[in-house]
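J.: One predicted model, sequence on top.
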Amino acid sequence: MKKIVFAMALAIILPCLVYSNTIIVSKDQNNNVLVGNNEDFKSKVNSKIWFTMANGNEYGCAFWGYDNKNVKAKDYPQGGMNEKGLFFDKTVAPYSKLEPQPGRNTCDIKTFIKIFKTSSTVDEVVSKVSKLNLVGFEECQILVADKSGDYAVIENNLITRKTVEDYFVLTKFRRSNIDLGGYPSIEFTNAIYSLNINNEASAKNFEKILDGSKNTGYNISTIYSQICNLKNGIIYLYQHHNFEHPCILNINIELKKGAHEYAFTDLFPKRVAPELIKTYYEKGIKGSLALFSKMEGNREWGFSESELCIFAKHLLMTGKYEHAFQVLNKTLSYYPESSDAYYQQAVLALYNKNEGKAKRALKRSLYINPDNKFASRLLTQLNIPKKHGKTKLHLKGYENARVVTVMMANDGWRKMHHLMRKENDGWVYYTDIEKDKIKSYVFNVDGKIIQDPQAKAKSVPADLVMK
């Protein structure tokens, strides 16, 4: 129980998002066309990529996904690209009831895959899908894109086509109806901000954008990412948001090998973070730090900034603050320009009631990476606490609490939550949302969920309420 409390307390200010894939597509001024995706799911699944051969009117394809419980990856691919430069991937979306159109046949995910295999452009996919009832799309949406730079979003009997923009971001909310929830997600905000500045369709630029939109949650995280060049068939694969060790495949070369598959674990060096965590519980922090040093420079291991930060975050989330501090210092000795490590140092300092140190670490994080939105938002809340607003949320008491936040349904519960400030007889937060438009909210006091008796009695996610 104690670990759960620590985890929830730090989830207040550490990025902790769920099932919120981020898909980006861009056609730049040189007519290069790239698509990219962060796949967010439970960390312990078997991810894979597989290739199917051309057969009759079907094109050769690459698909990716993961085995999950009784569902095999090949029965339910998460995304894919075919040899004609047609791409698809999907995200979760708020529930939207399907209104079947009379006289239409049904199209489930398996039917969509068949359509994808026999199409070469977005126009072809749209032409075929628009004549069907999209069964099973009530809680998901699909982005399709082709090498011309065209793209479309397919929902349940609703298809949104490309307008004038040469770049597009799809995350966990429905662009067709943002009032259904999830808007604007942090992933969307980060990705669209980066594309507004630079929409260059290059692997380097897309790596930066996907890295800024990754999910490093405690139980849910970005399990893999991919970038696809729709004109030349190059696929860049990344495991567990580690953009330092890509695996580069060419669909045209792979299809010449016949039908085959790769487990992600066979394409990448061994992961560092799980082994360090395992060693920590077997041999303590000294054992982990010793292994830390042995892994560096060993090609067998995927030694990287992101893996070390995952280990540090695990210690933070389980209340091992002194050990987390040691690991972050060690990480910075290898990666002195790690914006994420400085951000985690700030979180640790804040939890230890050292606001000055937290601000210094955040400033350093932003100096290294001005696009670190988590650091920027937290520093803003510390530097310029809101003292006015349309609505004042007030929690009485809890004078000895370390960190108190308010979590609101209006911004998707799991967004970066709002820091409350200590004031007289309790804690306060000012919001510009009018009181009658606040859907629901709860307070998080050092990891314990407190419901305000004056708040509207609306649903609160079950996993937020501690039993």
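T.: Received the coordinates, thanks. Bear in mind the structure is a predicted one, so any value in this text is a computation, not a measurement.
J.: List the buried residues in stretch 398-411.
T.: In terms of neighbour count (16 or more other C-beta atoms under 10 Å), stretch 398-411 has its buried residues at 398, 401, 403, 404, 405, 406, 407, 408, 409, 411. In this view, the C-beta of every residue, glycine as well, is placed from N, C-alpha and C.
J.: ditto for stretch 259-267
T.: For stretch 259-267, the neighbour count (16+ other C-beta under 10 Å) marks 262, 264, 267 as buried.
J.: between the buried residues of stretch 398-411, which is nearest residue 31?
T.: Distance to residue 31 across the buried residues of stretch 398-411 (C-beta to C-beta) is lowest for residue 411, with 37.3 Å.
J.: Turn the buried residues of stretch 398-411 into a markdown table, including secondary structure.
T.: Output for the buried residues of stretch 398-411, formatted as a markdown table (DSSP: H, G, I helix; E, B strand; the rest coil):
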| residue | secondary structure |
| --- | --- |
| 398 | coil |
| 401 | coil |
| 403 | coil |
| 404 | strand |
| 405 | strand |
| 406 | strand |
| 407 | strand |
| 408 | strand |
| 409 | helix |
| 411 | helix |
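J.: Now tabulate those in a markdown table and tack on pLDDT and distance to residue 358.
T.: Listed next are the buried residues of stretch 398-411 as a markdown table, based on pLDDT from 0 to 100; distance: C-beta to C-beta, whole Å:
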| residue | pLDDT | distance to residue 358 |
| --- | --- | --- |
| 398 | 89 | 20 |
| 401 | 83 | 16 |
| 403 | 79 | 11 |
| 404 | 85 | 15 |
| 405 | 83 | 15 |
| 406 | 84 | 19 |
| 407 | 78 | 20 |
| 408 | 75 | 23 |
| 409 | 70 | 28 |
| 411 | 61 | 23 |
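J.: and of the buried residues of stretch 259-267, the nearest to residue 192?
T.: If you rank the buried residues of stretch 259-267 by distance to residue 192 using C-beta to C-beta, residue 264 comes first, at 28.0 Å.
J.: Okay, and the closest residue in space to the closest one that isn't next to it in sequence sits in which element?
T.: Closest residue in space to residue 264, ignoring its immediate chain neighbours: residue 47 at 4.2 Å, by C-beta to C-beta, 6 or more residues apart in numbering. Using DSSP states H and E, the secondary-structure element containing residue 47 is strand 46-52.
J.: and that strand, what other elements does it pack with?
T.: Here strand 46-52 touches strand 61-67, strand 234-239, helix 251-255, strand 260-263, helix 264-267, going by 3 or more C-beta pairs under 8 Å, 6 or more residues apart in numbering; DSSP states H and E.
J.: Strand partners (parallel or antiparallel) of it?
T.: According to DSSP bridges, strand 46-52 has the following sheet partners: strand 61-67 (antiparallel), strand 260-263 (antiparallel).
J.: Can you give me the domain assignment for this structure?
T.: Structural domains assigned to the chain are 22-267, 391-464, following automatic domain parsing.
J.: quick one on the thing from earlier: and which of the buried residues of stretch 398-411 is nearest residue 330?
T.: Using C-beta to C-beta, the buried residues of stretch 398-411 come closest to residue 330 at residue 403, 25.1 Å.
J.: The closest one contacts residue 352, correct?
T.: No: when contacts are counted by C-beta atoms under 8 Å, residue 403 is not listed as touching residue 352 (10.1 Å).
J.: Burial check on the closest residue to residue 254 other than its chain neighbours, number of neighbours?
T.: Nearest residue to residue 254, sequence neighbours excluded (C-beta to C-beta, 6+ apart): residue 51, at 5.0 Å. Using other C-beta atoms under 10 Å, residue 51 has 21 neighbouring residues.
J.: Let me know the distance separating residue 51 from residue 275.
T.: As for residue 51, its distance to residue 275 is 30 Å (criterion: C-beta to C-beta, to the nearest Å).
J.: Which residues in stretch 187-197 does the neighbour count mark as buried?
T.: Going by neighbour count (16+ other C-beta under 10 Å), the buried part of stretch 187-197 is 187, 188, 189, 190, 191, 192, 194, 195.
J.: ok, those residues vs residue 433, which is closest?
T.: The shortest gap between residue 433 and any of the buried residues of stretch 187-197 belongs to residue 189, at 17.3 Å (C-beta to C-beta).
J.: How about the secondary structure of that closest one?
T.: Following three-state DSSP, we place residue 189 in the helix state.
J.: Contacts only, for it.
T.: Contacts for residue 189 (C-beta atoms under 8 Å, 6 or more residues apart in numbering) come out as residue 373.
J.: Look up how far residue 328 lies from residue 342.
T.: Plainly put, residue 342 is 8 Å away from residue 328 if you go by C-beta to C-beta.
J.: And for residue 168?
T.: Taking C-beta to C-beta as the measure, residue 168 falls 36 Å from residue 328.
J.: still on that earlier bit, go ahead and confirm the residue nearest to residue 264 touches residue 263.
T.: Yes: the pair residue 47 and residue 263 qualifies as a contact (C-beta under 8 Å) at a distance of 7.4 Å.
J.: Pull the number of nearby residues for residue 212.
T.: Neighbourhood size, residue 212 [other C-beta under 10 Å]: 21.
J.: swap in the one 4 residues further on?
T.: Using other C-beta under 10 Å, residue 216 has 20 neighbouring residues.
J.: where's it relative to residue 298, distance?
T.: 24 Å.
J.: give the contact list for residue 97.
T.: By C-beta under 8 Å, 6+ apart, the residues touching residue 97 are 138, 156.
J.: picking up where we left off before, residue 382 is nearest to which of the helices and strands packed on strand 46-52?
T.: The closest of the helices and strands packed on strand 46-52 to residue 382 is strand 234-239. By C-beta to C-beta, the value is 32.3 Å.
J.: by how many degrees do the closest one and strand 46-52 diverge?
T.: Orientation check (axes from the mean of the first three to the mean of the last three C-alpha atoms, to 10 degrees): strand 234-239 against strand 46-52 gives 160 degrees.
J.: Name every strand pairing with strand 234-239 and say which way it goes.
T.: Paired neighbours of strand 234-239 in the sheet (DSSP bridges): strand 220-229 (antiparallel), strand 247-250 (antiparallel).
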